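**Q** pasted the sequence and its predicted model underneath.
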Amino acid sequence: MKSSRPNTVIFRYKWDALVLLLLMPLAVINFNGFHDVGDDFAQYLLQAKWLSGDQLAWFPSHAGNYSPGVKGWLFSALLIPATFGTFPADIIMSKIIVTAFLILAGWIFFRILHSFLPAVAAIGCTLFLAYNPMMLDLKNQILPDIPLMATFLLAFYLLFFQKSTTISLTISALVIWFATGLKIPGILLVIPVIGWAITTNIQGRYKFVFASLTGMLVIPVIEFVLADANNGPVWYWHQTIEIISPATLLKNATTYFESLQLIPQLELPMSINKGVLILLGIGWVMGMVFSFFPETGSRHQLKSKYFERTILVFQLGYVFMLLVYPYQGDPVRMLLPIFPFLLITTFKGYVTFFERLNFSWYKTLAVLTGLLLPVLMILSLLKLPSKNLEARKEYRANLNLAQFLKSATDPSEVLKSNKPWAVQYYAERITLPETDSLKVNRSVLSISSELPESGTLSDKQIVFQNDYWKVYEVKH
């Protein structure tokens, strides 16, 4: 006899609807139309303008290693609709795009967790990921790291949690190509592609592997062409090979290990933060061990083991890439795309541990833990208004600088700066890196990253200054 309970779409996806409802406040929390003195966001927006046909946005011939051309082009292409609006509408629209990817990542993260956790526990863990202080900070910046994180999760979800139909595999291939174009680490999706192929026997698996790998090769070639055949991925590969050494590996390992501890850092006493980190570390080690040994008494299907093993290999591959990757400007950003996978392995480790012990109350414990994790972040959310005040102060300093430069310089004048793309974005003046050999009349330096000797040079005179910027007039 069929159940009298209506099998409606709403009922079947009630937990998904609740998760999306709980993630929607991300669209208004720590969300504004201004930006700090960072350089990356401006590079992506300027390149988006160039891709949309504004050839004056930046010049590939003046690109060098410090330019939008090095940053990859697909994230900039994603921002093209934002550039149709004037400032600050372009910043607002760009942040909406990034936030949408965080909501997508949270939903996919919940779907994966719900395969082995009670719904309430999975929801609590999802809120811990999405409303983490570091995540809230980075989702308010125009960067490709959160879209890459969402793309990674989506690729794994489509391959290991959906039926391998022609439609799902086609979407999976497109997602993999998209990830490769977002950032170079997207190439690591070759690991789940191969992991899926050797654990399935569907007839079209070789076509899918070929299509995925072909896209991974074609995307860098397009990036190479758009970077004027001199920069972009070529520079990164060259730097990777040139600086690799035991000392570099050790330095990177130390840097990223210290940065990893900053991601789940809450506005709590240090002893509690350390306790959370220790518990996460123990869970991850257990998850790693259990991934390679058959589970006894587990209710999960064999395919789940393939997923667990694949994400573990994926994590190890990503860590190896970080050890040789020539970038440490903001190492937390580099760790962000892998953070959800670390949490999945951690939570799976604890679930498997309690299942092996035949602990009958493990579901209750999981639910209580899932309810506790979001509560720990309440103090962090209360700190956001004060952080926004500081960001607004930087934003006003940027506009103040732009107003001076627009009034003191001719539109055709070329400037130099240690934050060239931020200056070019705000002031609408072509700006080269401070290290460029071209002689210019004015240099604009961000005080936070200014060279110590810059203010003492006899051939420079300060003509403008605020809390964040100095403008020097050069005496030729």
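**A** Sure thing, it's come through.

**Q** next SSE after the helix or strand harbouring Phe341?
**A** For Phe341, the enclosing helix or strand under DSSP states H and E is helix 339-356. Using DSSP H and E, the helix or strand that follows helix 339-356 towards the C-terminus is helix 362-375.

**Q** then that following helix to CSV, C-alphas only?
**A** Provided in CSV are the C-alpha atoms of helix 362-375 (Å, rounded to 0.1, in the frame of the first residue of the first chain):
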residue,chain,number,x,y,z
TYR,A,362,26.2,8.7,17.2
LYS,A,363,23.3,10.3,15.2
THR,A,364,22.2,12.3,18.3
LEU,A,365,25.8,13.4,18.8
ALA,A,366,26.2,14.4,15.2
VAL,A,367,23.0,16.5,15.4
LEU,A,368,24.2,18.2,18.6
THR,A,369,27.6,18.9,17.0
GLY,A,370,25.9,20.3,13.9
LEU,A,371,23.8,22.6,16.0
LEU,A,372,26.8,23.8,18.1
LEU,A,373,29.2,24.7,15.1
PRO,A,374,27.0,27.6,13.9
VAL,A,375,26.6,28.9,17.4
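
**Q** where does the prediction get shaky in the stretch 351-476 of the chain?
**A** Scanning the stretch 351-476 of the chain for pLDDT under 70 picks out 448-459, 475-476.

**Q** quick one: the helices in it?
**A** Per DSSP state H, counting those that start in this stretch, the stretch 351-476 of the chain carries helices over the ranges 362-375, 378-382, 384-408, 420-427.

**Q** ok, now which ones touch Phe160?
**A** 192, 196, 303, 306-307, 310 (CB atoms under 8 Å, 6 or more residues apart in numbering). Just so you know, the C-beta spots here come from the backbone N, C-alpha and C atoms, and that holds for glycine as well.

**Q** taking those residues, please make a PyMOL selection of just the buried ones.
**A** The PyMOL command for the buried members of the contacts of Phe160 (criterion: 16 or more other CB atoms under 10 Å) is given here:
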select buried, resi 192+196+306+307+310
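
**Q** least confident of the contacts of Phe160?
**A** Going through these one by one, the lowest pLDDT turns up at Lys303, 55.

**Q** can you read off the pLDDT for Leu143?
**A** 88.

**Q** typo on my end, Phe41
**A** pLDDT for Phe41: 84.

**Q** how many neighbours does it have?
**A** Phe41: 21 surrounding residues under other CB atoms under 10 Å.

**Q** low pLDDT regions in this structure?
**A** Those would be 1-11, 36-38, 55-72, 223-240, 242-243, 267-268, 294-305, 326-329, 448-459, 475-476, if you go by pLDDT under 70 across the chain.

**Q** tell me the phi and psi of the residue positioned nearest the centre of it?
**A** By CA atoms, centre = their mean, the chain has its centre lying nearest to Asp145, at 1.5 Å. In terms of degrees, to the nearest 10, the main-chain angles of Asp145 are phi -70, psi -40.

**Q** need the contact list for it.
**A** Here Asp145 is in contact with 138, 183, 333-334, 336-337 (CB under 8 Å, 6+ apart).

**Q** quick one on the thing from earlier: quick one: residues in contact with the helix holding Phe341.
**A** With CB under 8 Å, 6+ apart, helix 339-356 has contacts from 105, 109, 112-113, 116-117, 125, 128-129, 149, 152-153, 263, 280, 282-291, 295-299, 308, 311-312, 314-315, 362, 365-366.

**Q** just give the nearest non-adjacent residue to Phe128, would you?
**A** Leu373 (3.9 Å; CB to CB, 6 or more residues apart in numbering).

**Q** if I look at the one you found, how far off is Arg396?
**A** Per CB to CB, to the nearest Å, Leu373 is found 36 Å from Arg396.

**Q** go on, Ile198?
**A** Using CB to CB, Ile198 is found at 56 Å from Arg396.

**Q** more neighbours: these two, which one.
**A** The neighbour count for Ile198 versus Arg396, taken as other CB under 10 Å, is higher for Arg396 (14 against 11).

**Q** sorry, back to before: residues near the residue nearest to Phe128, how many?
**A** Counted by other CB under 10 Å, the residues lying close to Leu373 total 20.

**Q** next, the buried residues of stretch 317-331.
**A** In terms of neighbour count (16+ other CB under 10 Å), stretch 317-331 has its buried residues at 317-319, 321-322, 325-326, 330-331.

**Q** and stretch 396-414, by the same measure?
**A** By 16+ other CB under 10 Å, the buried positions in stretch 396-414 come out as 397-398, 400-402, 404-405, 409, 414.

**Q** again with stretch 464-476
**A** Within stretch 464-476, the residues that count as buried by 16+ other CB under 10 Å are 464, 468-472.

**Q** could you redo these as JSON lines and give each row distance to Tyr206?
**A** Formatted as JSON lines, the buried residues of stretch 464-476 follow (distance: CB to CB, whole Å):
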{"residue": "Phe464", "distance to Tyr206": "62"}
{"residue": "Tyr468", "distance to Tyr206": "55"}
{"residue": "Trp469", "distance to Tyr206": "56"}
{"residue": "Lys470", "distance to Tyr206": "60"}
{"residue": "Val471", "distance to Tyr206": "60"}
{"residue": "Tyr472", "distance to Tyr206": "61"}
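
**Q** which residues of this protein fall in strands?
**A** For the chain, applying DSSP state E gives strands covering 415-417, 431-433, 442-446, 460-465, 469-474.

**Q** would you list the ones you listed in TSV and tack on distance to Phe34?
**A** Converted to TSV, those look like this (distance: least, CB to CB, whole Å):
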stretch	distance to Phe34
strand 415-417	19
strand 431-433	20
strand 442-446	16
strand 460-465	20
strand 469-474	15
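
**Q** closest to Thr83 out of those?
**A** Among the strands of the chain, strand 431-433 comes nearest to Thr83, with 18.1 Å by CB to CB.

**Q** strand partners (parallel or antiparallel) of the closest one?
**A** The pairing partners recorded for strand 431-433 under DSSP bridges are strand 415-417 (parallel).

**Q** for the partner strand, which positions count as buried?
**A** 415-417.

**Q** turn these into TSV, including distance to Ile92.
**A** Listed next are those as TSV, based on distance: CB to CB, whole Å:
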residue	distance to Ile92
Leu415	26
Lys416	30
Ser417	25
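
**Q** list just the nearest of these to Ile176.
**A** If you rank the buried residues of strand 415-417 by distance to Ile176 using CB to CB, Ser417 comes first, at 37.1 Å.

**Q** contact partners for the closest one?
**A** 423, 431-434, 443-446.

**Q** list only those of those residues flagged as buried.
**A** 423, 431-434, 443-446.

**Q** which of the residues you listed sit farthest apart?
**A** Farthest pair in the buried ones among the contacts of Ser417, by CB to CB: Leu432 and Ser446, 14.9 Å.

**Q** on that earlier part again, identify, from the buried residues of strand 415-417, the entry nearest to Ile272.
**A** Ser417 (41.9 Å).

**Q** just the CA atoms of stretch 402-421, as PDB, please.
**A** Output of stretch 402-421 as PDB, limited to C-alpha atoms (Å, rounded to 0.1, in the frame of the first residue of the first chain):
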ATOM      1  CA  ALA A 402      41.300  59.200  -7.400                       C
ATOM      2  CA  GLN A 403      39.800  62.700  -7.200                       C
ATOM      3  CA  PHE A 404      43.300  64.200  -6.800                       C
ATOM      4  CA  LEU A 405      44.800  62.200  -9.700                       C
ATOM      5  CA  LYS A 406      42.000  63.100 -12.000                       C
ATOM      6  CA  SER A 407      42.400  66.800 -11.200                       C
ATOM      7  CA  ALA A 408      46.200  66.800 -11.200                       C
ATOM      8  CA  THR A 409      47.000  64.700 -14.300                       C
ATOM      9  CA  ASP A 410      46.100  64.600 -17.900                       C
ATOM     10  CA  PRO A 411      44.000  61.600 -19.100                       C
ATOM     11  CA  SER A 412      46.900  60.600 -21.300                       C
ATOM     12  CA  GLU A 413      49.500  60.700 -18.500                       C
ATOM     13  CA  VAL A 414      51.100  57.400 -17.500                       C
ATOM     14  CA  LEU A 415      51.600  56.700 -13.800                       C
ATOM     15  CA  LYS A 416      53.600  54.200 -11.700                       C
ATOM     16  CA  SER A 417      52.500  52.400  -8.600                       C
ATOM     17  CA  ASN A 418      53.100  49.400  -6.400                       C
ATOM     18  CA  LYS A 419      49.400  48.800  -6.700                       C
ATOM     19  CA  PRO A 420      49.100  49.800 -10.400                       C
ATOM     20  CA  TRP A 421      45.800  48.200 -11.300                       C
END
